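Enquirer: let's see this in three dimensions:
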Amino acid sequence: MTRMLLTLMLTAAALLAPEAVVNADVLLIEEVRQAESMTLPANGMNQEEVRANFGVPAQVHQPVGEPPITRWDYERWSVYFEYDLVLFTVLKKGHVLDKNKD
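Expert: Sure, this is the predicted structure:
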């Protein structure tokens, strides 16, 4: 009885799993497309330019390491600076889909 139940559960999981993977892929692709159309701080911008173009960050973290790396957190993304210049911008997971504003 236990083997039969286990077999049934595994079969059901196997049948449902491909659909979940396909949906996840579609969501990821759509998120990447939306992210590409967002206006974000570009590499090489300085902190003054970022603040002027995107406003005051929700949180500013203290510099860490050498060279000093600073992180500014905004609602949907974080900006990493080396000294005063943008290294890269990272989108926060789940903050892109179904959002029409930058």
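Enquirer: flag the shaky bits of the protein, pLDDT-wise.
Expert: In the predicted model of the chain, residues 1-35, 94-102 satisfy pLDDT under 70.
Enquirer: tell me the strands in it, going along the chain?
Expert: For the chain, strands defined by DSSP state E occupy the ranges 59-60, 69-73, 77-82, 85-91.
Enquirer: turn these into JSON lines, columns for distance to Leu40 and mean neighbour count.
Expert: Where you see a C-beta, it was placed from the backbone N, CA and C, and this is true even at glycine. Listed next are those as JSON lines, based on distance: least, CB to CB, whole Å; neighbours: other CB atoms under 10 Å:
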{"stretch": "strand 59-60", "distance to Leu40": "17", "mean neighbour count": "11"}
{"stretch": "strand 69-73", "distance to Leu40": "12", "mean neighbour count": "17"}
{"stretch": "strand 77-82", "distance to Leu40": "6", "mean neighbour count": "18"}
{"stretch": "strand 85-91", "distance to Leu40": "5", "mean neighbour count": "16"}
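Enquirer: first-to-last residue distance for stretch 48-65?
Expert: When the termini of stretch 48-65 are compared using CA to CA, to the nearest Å, they are 22 Å apart.
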